[in-house]
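1. Sequence isn't available, so here's the structure alone:
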């Protein structure tokens, strides 16, 4: 192979257009399309009594208004339950437009189509909907109490009870020499890509076909859903994911109501129709994630080895379950992380609430699971007076134990068997990189200057590259260009570059000759989608396998032409040549000509393949049996089970002794995703993941009030990190190839985000000596925790009172833990988030009742964003930032 | 009445452009939907994310917070106008590519415009000035580390370009 491209930090192919304004995102298309806008419920739970559209009809430019009564057949039926599971006994999905009842603020009630978006919103505002409000169920505690039901026919608000079990965990805990019991919680956050959702549909009446562009992570799935709902054959529906401005999970859900309604309206009206979501719509009508409460019982020996772990997880899945229970399945399996746990039982109760539904957001349940496991490791260490990293080391699966069977069933329905890894080495490097063993000196030095610092660590395992399959198609044309296509989509992961690197390396062609198309059903019709850090593993390997087919064919055809054994041939720089004899060679473009026996030449080059030009024996058919014309190949990669990437993160934080502000001074990542295709891209994925993790650990939470209004549904109030909030991330890579796939790769997309909350909690706890049970952790939260501890009699100074408070064998709960677990038990979805959200809801004066989206359009509350609280933190981060990076 | 159109004449990327639009039309919508310059993106429509940042008479502004009529008679530069007339990418554009300062690319035009103005004002920014300079733009993909790197690199490239130009004209 000529140029080494696999494993190199090759610059991105995507950038030229994205840097010059030539990217094509959803709302950049369909300039002349009609615009759709939606009337959305302002209530969390209500009966729809009447919808009066008469006023809307006066709006000049209005084309149509639809309510659920207007939707025929499959178009109006409840949306599909995408991932059924035997434990999901009460799965419920929404109607595309509400029929009778609305179950969360933001649920669509009517669709308006008009000449442009301004007019569509004018009309939407004039649609009068009469509601009878019903009691709203908000937060996990309210859902558990079940004084009111989200769905009349779902008793106890329980959608699913899922048990994952290996051994007798309860007995193992009871029999263990040491036991602890505690409660943890994580609040809601969301993917929040900067580009919202959007759909643009064109109906071709002459051809009876539909072309749909949608900002999705699963164009083939959208195609199948639209075809089914609209009664069209798959072949008459093409779905294209154009440039997608971030996904992070939320865009894997499909079909969204709008993905059914916009194409339907386009066909009905015979006009192009487009809907581009606005920011408020995204907050209240897309999806959220994270929200869980976990009750943990753990038993362990004197070395800190876990003998039994029994976890009860209550998961808030919002109003509907179109994506099934994938998030809690992932939490309950990936919770085990890199550890060899004696006996394990997780029981997940998945609960309905009158809030936006919960579907995967980067990490997809893993951050919650890792938070649980890593908090547990820290508790064990404190209890035994052991080093936190040593306790982790004592529990790690060893490199010689792979493949390692955790004895559970993973999200792909396959056994949870880890393929490869070196967890002790990850931990060793993270310790070394962050200066774990010398940290006490750092702490003392900081303390002597009145500063309070702490260090935290966390390890995770991430199942990546789940099946069932992806495919790749590779074609070399007669100009020597290589066209690669795969069905899965891209949202910024650099697939055009990375897949081109794989193809260039496999074929022996210059990178510049390779063009990659993703997420376009016109080019590749079979695919699953982009989620679970699977693109490099699934499509990467499928493309490699397709390239190997094309390569073999090229060598065979060139061998005939060069009268050489294909085994003696190689390809370099797009030219097939005899090994050791560069003069005997044939460019791939010529091989492409020869691969397609022609009757008609269309240029001078292709004349060589016409019937009177080839010297093929006249006794054989021009295309041999079993062969196909063209220098192209298609192949699929379908793994027996997932690959398992892993990593160890560590952080040093500083907390302000007076204001309780939290600053991350250092953040260290040691990462193993098998063989790296492009280290620059992998690092970028890690940086972005950690930044989202920092958001989830310190800033981002969805603040619902008791009536189910999302109080912070804007970027003014939902605090996504800016550059000033994200620390510099120091990375190191370990490469343990996966034995499961030809390229030896594992996924990297989600890794960065997974352990961040656990690591920050660990570090803050270390700095403060106060137990951290709930994330995110704002300065307000930490300040309140300090006061609770103080008012409980200074237990914090006595080493957090963990022994007395939590050891099941040693007395009932002490004062400190009572106060803290009250906080821990606080309803993550409800009550405006408890103490924590005081600061946020103060700022969050955002239009709680204003449905119909688009509050900002025209005028509205347009002050600059205020982040007074964060200035000091940012300043401190900057002081400590390494400027050399 | 809201829809009563106004004639709007302005200069966009050095070209005189005219459009008719109602008073409530946002500058971002005028650029994108009336003039077809879709490189300027809209991420929040309340002035927080910075995706829609363009240069108005050289200063960065949120085009989602300006009515198009108020831009009449002014000069607007969008991402489509950052490269040299011959298509050579600007130092900022080159630096973002070199340093992997973008992933999905949706926030990128806003960053490019912001950073272009920042470096014009402060050609050799300190670390604090870089962070301060981009602290009004959200990116959900990169974690900002490579954007910070890109800004520093852009300053170097711009300085080198300036030096080369100086030599050329000397």
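-> Now that the structure is in, tell me what you want to look at. For clarity, every value in this text was computed on a predicted model and none was experimentally measured.
2. Tell me which helix or strand whichever residue of chain B sits closest to chain A sits in.
-> In chain B, the residue found nearest to chain A is residue B:39; the distance is 2.0 Å by CB to the nearest CB. Backbone N, C-alpha and C define where each C-beta goes, glycine included. Counting by DSSP states H and E, no helix or strand carries residue B:39.
3. Which element, helix or strand, includes the nearest residue to it once chain neighbours are set aside?
-> Leaving aside its chain neighbours, residue B:39 sits nearest to residue A:21 (2.0 Å; criterion: CB to CB, 6 or more residues apart in numbering or on different chains). Residue A:21 belongs to no helix or strand when elements are defined using DSSP H and E.
4. Would you pull up how far stretch A:426-445 lies from the middle of the chain?
-> Mean-position distance between stretch A:426-445 and its chain equals 31 Å (CA atoms, centre = their mean, to the nearest Å).
5. To clarify, my last question referred to stretch A:219-228.
-> On CA atoms, centre = their mean, the centre of stretch A:219-228 falls 21 Å from that of its chain.
6. Tell me the pLDDT of residue A:4.
-> At residue A:4, the model reports a pLDDT of 75.
7. What does the nearest residue to it once chain neighbours are set aside show for phi and psi?
-> Distance criterion CB to CB, 6+ apart; nearest residue to residue A:4, sequence neighbours excluded, is residue A:505 at 7.6 Å. The phi and psi values for residue A:505, taken as degrees, to the nearest 10, are phi -70, psi -40.
8. Around residue A:505, count how many other residues there are.
-> Using other CB atoms under 10 Å in any protein chain shown, residue A:505 is surrounded by 22 other residues.
9. what about it, distance to residue A:523?
-> 22 Å (CB to CB, to the nearest Å).
10. One more: residue A:408?
-> Note on residue A:408: its distance to residue A:523, by CB to CB, is 38 Å.
11. Comparing those two, which shows the higher neighbour count?
-> Higher neighbour count among residue A:408 and residue A:523: residue A:408, with 19 against 16, using other CB under 10 Å.
12. Show me the domain layout of chain B.
-> B:5-81, B:91-164 (automatic domain parsing).
13. most tightly surrounded among the ones you listed?
-> Comparing these on average neighbours per residue, with mean count of other CB atoms under 10 Å in any protein chain shown, the densest one is domain B:91-164 at a mean of 22.
14. so residue A:176 touches residue A:302, yeah?
-> No - at 10.2 Å, residue A:176 does not count as touching residue A:302 under the criterion of CB atoms under 8 Å.
15. got the contact list for the closest residue to residue A:346 other than its chain neighbours?
-> Nearest in space to residue A:346, with sequence neighbours left out and distances taken as CB to CB, 6+ apart, is residue A:332 at 3.9 Å. The contact partners of residue A:332, taken as CB atoms under 8 Å, 6 or more residues apart in numbering or on different chains, are A:162, A:164, A:311, A:313, A:346, A:348, A:369, A:408.
16. Tell me how far the fifth one lies from residue A:88.
-> Okay, so that is residue A:346. 16 Å.
17. who's more crowded, the two?
-> residue A:346 (27 against 20).
18. Quick check: which element contains that one?
-> strand A:343-351.
19. strands paired with that strand, and their directions?
-> strand A:158-166 (antiparallel), strand A:306-316 (parallel) (DSSP bridges).
20. Now tabulate those in a markdown table and tack on mean pLDDT.
-> Below are these laid out as a markdown table (pLDDT from 0 to 100):
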| stretch | mean pLDDT |
| --- | --- |
| strand A:158-166 | 97 |
| strand A:306-316 | 98 |
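21. quick one: which of these is nearest residue A:404?
-> For the strands paired with strand A:343-351, proximity to residue A:404 was assessed by CB to CB; strand A:158-166 is nearest, at 12.4 Å.
22. after the closest one comes which helix or strand?
-> The helix or strand immediately downstream of strand A:158-166 is helix A:169-175, counting by DSSP H and E.
23. Tell me which other helices or strands that next one touches.
-> strand A:292-300, strand A:306-316, strand A:343-351 (3 or more CB pairs under 8 Å, 6 or more residues apart in numbering or on different chains; DSSP states H and E).
24. thinking again about what came up before, the residue nearest to residue A:346 in helix, strand or coil?
-> Three-state call for residue A:332 (DSSP: H, G, I helix; E, B strand; the rest coil): helix.
25. and the gap between it and chain B?
-> 28 Å (CB to the nearest CB, to the nearest Å).
26. now do residue A:441
-> 27 Å.
27. swap in residue A:370?
-> 19 Å.
28. Please apply the same query to residue A:369.
-> 23 Å.
29. cool, and residue A:418?
-> If you go by CB to the nearest CB, the gap between residue A:418 and chain B works out to 28 Å.
30. thought that residue was touching residue A:404?
-> Yes - look at residue A:418 against residue A:404 with CB under 8 Å: they come within range, at 4.4 Å.
31. shared neighbours, the two?
-> Joint contacts of residue A:418 and residue A:404 (CB under 8 Å, 6+ apart) are residue A:397.
32. Could you export the strands paired with strand A:343-351 as a markdown table, including distance to residue B:79 and mean neighbour count?
-> Shown next, in a markdown table, are the strands paired with strand A:343-351 (distance: least, CB to CB, whole Å; neighbours: other CB atoms under 10 Å in any protein chain shown):
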| stretch | distance to residue B:79 | mean neighbour count |
| --- | --- | --- |
| strand A:158-166 | 45 | 19 |
| strand A:306-316 | 40 | 24 |
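33. Which one of those strands lies nearest to residue A:244?
-> strand A:306-316 (27.3 Å).
34. quick one: that closest one to strand A:292-300, angle?
-> 170 degrees (axes from the mean of the first three to the mean of the last three CA atoms, to 10 degrees).
35. chain center to strand A:306-316: distance?
-> Its chain's C-alpha centre and that of strand A:306-316 lie 23 Å apart, by CA atoms, centre = their mean.
36. top helix in the chain by residue count?
-> Picking chain A for this. Using DSSP state H, we find that the single longest helix of chain A is helix A:535-562.
37. um, chain B though
-> Scanning chain B for the longest helix, with DSSP H as the assignment, gives helix B:145-169.
38. Please see if it touches chain A.
-> Yes - counting by CB under 8 Å from any CB of the partner chain, chain A has neighbours in helix B:145-169: B:145, B:146, B:147, B:148, B:149.
39. so which of those residues comes closest to residue B:28?
-> Comparing those against residue B:28 with CB to CB picks out residue B:147 as the nearest, at 21.6 Å.
40. on that earlier part again, take the domains of chain B and lay them out in a markdown table including mean pLDDT.
-> Below are the domains of chain B laid out as a markdown table (pLDDT from 0 to 100):
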| stretch | mean pLDDT |
| --- | --- |
| domain B:5-81 | 97 |
| domain B:91-164 | 97 |
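41. how about these, which one is nearest residue A:8?
-> domain B:91-164 (13.1 Å).
42. And for the residue nearest to residue B:39, the neighbour number?
-> Neighbour tally, residue A:21, other CB under 10 Å: 23.
43. Could you pull up the contacting residues of it?
-> Applying CB under 8 Å, 6+ apart, one finds that residue A:21 lies in contact with B:37, B:38, B:39, B:40, B:78, B:79, B:80, B:109.
44. quick one, what contacts the third one?
-> The one in question is residue B:39. Contacts of residue B:39 by CB under 8 Å, 6+ apart are A:20, A:21, A:22, A:23, B:78, B:79, B:80, B:109.
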